[in-house]
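K.L.:
The following comprises the amino acid sequence and a computationally predicted model.
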Amino acid sequence: MSRMPIALTVAGTDPTGGAGVLADIKTFHSRQVFGMAAITALTAQNTIGVQDVHNIPGQFLQEQLDSIFSDEVPDAMKSGMIANEEMMTVIKECVEHHQVPYIIDPVMIATSGDPLIDEDAAEFLRTQLLPLALTVTPNIHEAEKISGQQISSEGDIKKAADIFLNDIGVQSVVITGGHLDSGPTDYLFTADNAIELSETRIDTTNTHGTGCTFSAVMTAELAKGKSIEESFRTAKRYITSAIRYNPNIGKGNGPVSHFSYKGE
Ligand SMILES: Nc1ncnc2c1ncn2[C@@H]1O[C@H](COP(=O)(O)OP(=O)(O)OP(=O)(O)O)[C@@H](O)[C@H]1O
Ligand SMILES: Cc1ncc(CO)c(N)n1
């Protein structure tokens, strides 16, 4: 009997369940793949902000990944918040050794504006982890920081994408435009294709964890064997529904619904 597809997230926790591994696991479940999680950090955060962060020792992240990979090799893996180089090195060795399709959500700051990774870890992410990725899903701010390209127009997005593909060496890049004034348009660039998906902006501040959720949908779809383009299209439909039917939780930027999207 063939086994169920497995998606793994390597990321931090948000105890209020809107972002990080809890959001990822809910998303995997709703896309009908079996979810696994290796924890990089415990955060004390809520919809208002990040109150504290407790990073897991690199050695213990290694042990979690060894436990997972010695039993089953997931069909796709994503990473989110990885605070330091020590943990990034552990992840790099794991991806190189197991050749697992790898999706990077290059998390740097929370929706609330609080920093989530060390300053020098950003450089390691760029030079050591991104070249291993099948795809990377930066928002506009992350795309600017990683590529060094200021983004204020569609032409700038294309220039930033060129840097990701040609200078950094990722296989594809999805730049999410949730923070663009022009509307929530997302862009997928591969070596030979460029696709743009637009939706009308939903007027809400409940967008906590949208980036995590979006990249988790892509990871789940890739685990099922879908193409990058199909995974991108599903993620866009899923997140639009998730924001529109957000459960209205918390006093700050509330989470989205991980269960509203019913499409294929
Ligand atoms: N108000 C909105 N209405 C519709 N779609 C939105 C809205 N805000 C964000 N999106 C969509 O949500 C997805 C994630 O986008 P965004 O660029 O905001 O990610 P992010 O900044 O990494 O998220 P976060 O850091 O809050 O987890 C994209 O598909 C984007 O287009
Ligand atoms: C643990 C965690 N990962 C990612 C984000 C980004 O939304 C967050 N707020 N918290």
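P.N.:
Received it, and whenever you're ready, just let me know what you need. Ligands and ions are numbered 1, 2, ... in the order given.

K.L.:
list the contacts for the residue of the stretch 101-250 of the chain found nearest ligand 2?
P.N.:
Nearest residue of the stretch 101-250 of the chain to ligand 2: Ala110, at 3.5 Å (C-beta to the nearest ligand atom). Quick note: C-beta positions are derived from backbone N, CA and C, even for glycine. Counting by C-beta atoms under 8 Å, 6 or more residues apart in numbering, Ala110 makes contact with 19, 45, 49-50, 116.

K.L.:
Just list whatever residues bridge to Ile195.
P.N.:
Leu188 (DSSP bridges).

K.L.:
burial of it, as a residue count?
P.N.:
Neighbour count of Ile195, defined by other C-beta atoms under 10 Å: 15.

K.L.:
Quick check: the gap between it and ligand 1.
P.N.:
Distance from Ile195 to ligand 1, counting by C-beta to the nearest ligand atom, to the nearest Å: 13 Å.

K.L.:
Up against ligand 2, what does the stretch 1-150 of the chain have?
P.N.:
Proximity of the stretch 1-150 of the chain to ligand 2, by C-beta under 6 Å from any ligand atom, involves residues 11-14, 19-20, 43, 80-81, 107, 110-111.

K.L.:
how about CSV for those, with distance to Gln150, secondary structure and pLDDT added?
P.N.:
Below are those laid out as CSV (distance: C-beta to C-beta, whole Å; DSSP: H, G, I helix; E, B strand; the rest coil; pLDDT from 0 to 100):
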residue, distance to Gln150, secondary structure, pLDDT
Ala11, 28, strand, 98
Gly12, 28, strand, 97
Thr13, 33, strand, 98
Asp14, 30, coil, 98
Ala19, 27, coil, 97
Gly20, 29, helix, 98
Thr43, 30, strand, 96
Gly80, 25, coil, 97
Met81, 25, coil, 95
Val107, 21, coil, 92
Ala110, 22, coil, 75
Thr111, 22, coil, 71
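
K.L.:
could you pull out the helices for the stretch 151-264 of the chain?
P.N.:
Counting by DSSP state H, counting those that start in this stretch, the stretch 151-264 of the chain has these helices, from start to end: 154-162, 210-223, 228-244.

K.L.:
Redo the ones you listed as CSV? Include mean neighbour count and distance to ligand 1.
P.N.:
Listed next are the helices of the stretch 151-264 of the chain as CSV, based on neighbours: other C-beta atoms under 10 Å; distance: least, C-beta to the nearest ligand atom, whole Å:
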stretch, mean neighbour count, distance to ligand 1
helix 154-162, 17, 12
helix 210-223, 28, 2
helix 228-244, 21, 4
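
K.L.:
These: which one's closest to Gln59?
P.N.:
helix 210-223 (25.3 Å; C-beta to C-beta).

K.L.:
Let's have the helices of the stretch 151-264 of the chain in TSV, adding distance to ligand 2 and mean pLDDT.
P.N.:
Shown next, in TSV, are these (distance: least, C-beta to the nearest ligand atom, whole Å; pLDDT from 0 to 100):
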stretch	distance to ligand 2	mean pLDDT
helix 154-162	20	96
helix 210-223	5	98
helix 228-244	13	98
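
K.L.:
Many thanks, we can stop here.
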